[in-house]
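Chemist: pasting a predicted model and its sequence here:
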Amino acid sequence: MPKIFLGNADTEAMVVCPQSLSKRYRQFSASASRRHFWMMSPRDLIILPSAGDLEHIRYVEEMCQYEHDSLQALYVCGQSDDPHPLSLDALKPDSFIQDVKKIGIEGHDWSIEPYIADQVAFDFGELVGMPVRFGASGTPAREAADLFNDKRVFRGLAAGLRVPVAPGRTCASPAQLVPALAELMPLTGSCIVKLDRHSGAEGNVLVTRDDITSAPGTHKVHHVPDQEYERVAQTVYSELSREQTPFLVVESYYRSVHSVGVHYLLQDDSVVFNGIADIRLAPAYAGMFWPTTLSDTVVHKLQAEGLKLAHDIARFGHRGPISVDAIVRQDGDILINEVNARHGGFTAAKAILERIVPKERGDALVAATRTNLTSDMDFRSLRALLARENLGFTRARGTGVVISVEDLRSTGRIEILTVAESRAELERIEERFVRLACR
């Protein structure tokens, strides 16, 4: 059954005010949506905020062994270097709907597979007469994804299921933020303050008494003199709210931890474990490694807590992928940070591996994604370098680098996936690529 993939990342279901996102973040979001080229099959269509290098689509087709021009794409903002998240206003003009229909959707059993099953996805589905589905997982309840991409909702859900989370509070004003910081700061010396609805570290800041300048999972550090919380509370609230009235989640912050994501597929009659990967933070999300280096004991604890959340979210009607992000402290205790009911970097990376690595070799290999790289090269030159230096992934060799995302024209940004036979070999391949290709 052919699909329309919808690259609707960072809409209002994920971000309090998409219009307030910085240009840099909008560019990152638009390019990250292109990960889903790797999830497509021949004849599928993808709708994206903006276009990258068309040579990259040909590269995806070649790597997946598809025929030339078998993947189709439409771009709401064209070649713009200032894209905005997809909105219904951008998708509903008659001219755009006619462009979609020219693909030949009439008379075929098409469906829409969105990045997130939000109102934009369902409303667009009604415009073109297609159901929203996550493949074999089925159709999610219309408002479930909005609910389960909210950190405030997550904390309530976790409390009801007795899932371990960091000590924390939810705040709706600077006045509420002051006592929350006063209560939580003494526990670890630092607090992370998060927008309840935001994707990425741009919605998180650290408040600390420690002498540090950056912290994994945050984009800024605020230092607070002993118990002088009113000033920093006002500054942090103003910075994160951006003239909106969001809720903030304040939690004790733990340093020197192991970050990990546990992934599930929610289906009509089952919850399927989809994998576990170690998260790279530098200091924001920078990719993942798998298989995890955690012990079997810790992995089983993570799976048990993740399943509680997955089954409850399925009971509310969500279908499709979810990720459960957690940290493992030095003492082995686990704390669940958040849950995201949508596609993400893991599902796209797994799709690449399923398409290029033979099944009989998959379990013997290690893989990693890296999302924070930039290069001065164009895509054709980058491909030539991969071939010349024997760094590019080939089916014959079974290892190497895949350029999973490129935004070289607008930002110089690239994402890579590296496949190797050991973690040490992977790190050598990745380090050599970065030295030769990146700035």
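Modeler: All right, it came through fine.
Chemist: from residue 364, how far off is residue 352?
Modeler: 17 Å (CB to CB, to the nearest Å). Every C-beta, even on glycine, is put in place using the N, C-alpha and C of the backbone.
Chemist: these two: who's more crowded?
Modeler: residue 352 (23 against 10; other CB atoms under 10 Å).
Chemist: grab the nearest non-local neighbour of that one.
Modeler: Distances taken as CB to CB, 6 or more residues apart in numbering place residue 38 nearest to residue 352, at 4.7 Å, with adjacent residues excluded.
Chemist: that neighbour and residue 59 touch, don't they?
Modeler: No. Using CB atoms under 8 Å, residue 38 is not in contact with residue 59; the gap is 10.6 Å.
Chemist: who has more neighbours, those two?
Modeler: Counted by other CB under 10 Å, residue 38 and residue 59 do not tie: residue 38 has more neighbours, with 24 against 20.
Chemist: pLDDT score for the more buried one?
Modeler: We have a pLDDT of 97 for residue 38.
Chemist: check the secondary structure at it for me.
Modeler: Three-state assignment for residue 38 (DSSP: H, G, I helix; E, B strand; the rest coil): helix.
Chemist: quick one: residues contacting it.
Modeler: 60, 64, 348, 351, 352, 355, 404 (CB atoms under 8 Å, 6 or more residues apart in numbering).
Chemist: what of residue 356?
Modeler: By CB under 8 Å, 6+ apart, the contact set of residue 356 is 63, 64, 393, 395, 402.
Chemist: looking at these, which one is closest to residue 7?
Modeler: Nearest to residue 7 out of the contacts of residue 356 is residue 64 (CB to CB; 18.2 Å).
Chemist: surely that closest one touches residue 353?
Modeler: No. Look at residue 64 against residue 353 with CB under 8 Å: they stay out of range, at 11.5 Å.
Chemist: now the host helix or strand of residue 169: average pLDDT?
Modeler: Taking DSSP states H and E as the criterion, residue 169 maps to strand 168-171. Mean per-residue pLDDT for strand 168-171: 94.
Chemist: which residues touch it?
Modeler: For strand 168-171, using CB under 8 Å, 6+ apart, the contacting residues are 152, 155, 176-177, 180, 183-184, 196, 237, 247-252.
Chemist: mind picking the lowest-pLDDT entry from the residues you listed?
Modeler: Within the contacts of strand 168-171, pLDDT is lowest for residue 196, at 85.
Chemist: that one and residue 150 touch, don't they?
Modeler: Yes. Counting by CB under 8 Å, residue 196 does reach residue 150; the two are 5.6 Å apart.
Chemist: could you list the low-pLDDT ranges of the stretch 1-150 of the chain?
Modeler: Low-confidence segments of the stretch 1-150 of the chain (pLDDT under 70): 16-19, 106-108.
Chemist: give me that answer again for 90
Modeler: 1, 9-25, 79, 101-109, 136, 142-150 (pLDDT under 90).
Chemist: same question for the stretch 151-300 of the chain.
Modeler: In the stretch 151-300 of the chain (pLDDT under 90), the answer is 195-204, 210-219, 225-228, 238-247, 255-257, 281-286.
Chemist: now do the helices in it.
Modeler: 151-161, 174-188, 229-241, 296-315 (DSSP state H, counting those that start in this stretch).
Chemist: so what does the longest one touch, helix or strand wise?
Modeler: In terms of contact count using 3 or more CB pairs under 8 Å, 6 or more residues apart in numbering; DSSP states H and E, helix 296-315 is assigned the packing partners helix 151-161, strand 258-266, strand 271-281, strand 320-328, strand 334-340.
Chemist: quick check: buried residues in it?
Modeler: 298, 299, 301, 302, 305, 306, 308, 309, 310, 312, 313, 314 (16 or more other CB atoms under 10 Å).
Chemist: let me know the closest of those residues to residue 386.
Modeler: Comparing those against residue 386 with CB to CB places residue 299 closest, at 33.6 Å.
Chemist: now the residue nearest to the spatial centre of the chain: closest residue in space, sequence neighbours ignored.
Modeler: Nearest residue to the geometric centre of the chain (CA atoms, centre = their mean): residue 344, 3.7 Å. Counting by CB to CB, 6+ apart, residue 344 lies nearest to residue 323, which is 5.4 Å off, once chain neighbours are set aside.
Chemist: returning to that earlier point: got the helices and strands packed on helix 296-315 as TSV, with distance to residue 45 columns?
Modeler: Formatted as TSV, those follow (distance: least, CB to CB, whole Å):
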stretch	distance to residue 45
helix 151-161	32
strand 258-266	23
strand 271-281	25
strand 320-328	19
strand 334-340	25
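Chemist: to residue 95, which of the ones you listed lies closest?
Modeler: Among the helices and strands packed on helix 296-315, strand 320-328 comes nearest to residue 95, with 30.3 Å by CB to CB.
Chemist: give the partner strands of the closest one in its sheet and their orientations.
Modeler: Using DSSP bridges, strand 320-328 pairs in its sheet with strand 258-266 (antiparallel), strand 334-340 (antiparallel).
Chemist: quick one, which of those strands is nearest to residue 202?
Modeler: strand 334-340 (14.9 Å).
Chemist: could I get the helix or strand following the closest one in PDB with only the CA atoms?
Modeler: Heading C-terminal from strand 334-340, the first helix or strand you meet, by DSSP H and E, is helix 345-356. Taking Å, rounded to 0.1, in the frame of the first residue of the first chain, the C-alpha atoms of helix 345-356 are listed here in PDB:
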ATOM      1  CA  GLY A 345      16.100   9.300  14.900                       C
ATOM      2  CA  PHE A 346      15.900   5.600  16.000                       C
ATOM      3  CA  THR A 347      13.100   4.600  13.600                       C
ATOM      4  CA  ALA A 348      14.800   6.200  10.700                       C
ATOM      5  CA  ALA A 349      18.200   4.700  11.500                       C
ATOM      6  CA  LYS A 350      16.700   1.300  11.900                       C
ATOM      7  CA  ALA A 351      15.000   1.600   8.600                       C
ATOM      8  CA  ILE A 352      18.400   2.300   6.900                       C
ATOM      9  CA  LEU A 353      20.000  -0.800   8.500                       C
ATOM     10  CA  GLU A 354      17.000  -3.000   7.500                       C
ATOM     11  CA  ARG A 355      17.400  -1.800   3.900                       C
ATOM     12  CA  ILE A 356      21.200  -2.100   3.500                       C
END
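Chemist: orientation of helix 345-356 relative to strand 320-328 in degrees?
Modeler: 120 degrees (axes from the mean of the first three to the mean of the last three CA atoms, to 10 degrees).
Chemist: picking up where we left off before, surely the residue nearest to the centre of the chain meets residue 325?
Modeler: No. Contact criterion CB under 8 Å: residue 344 and residue 325 do not qualify, at 9.7 Å.
Chemist: hey, what's in contact with both of those two?
Modeler: Joint contacts of residue 344 and residue 325 (CB under 8 Å, 6+ apart) are residue 261.
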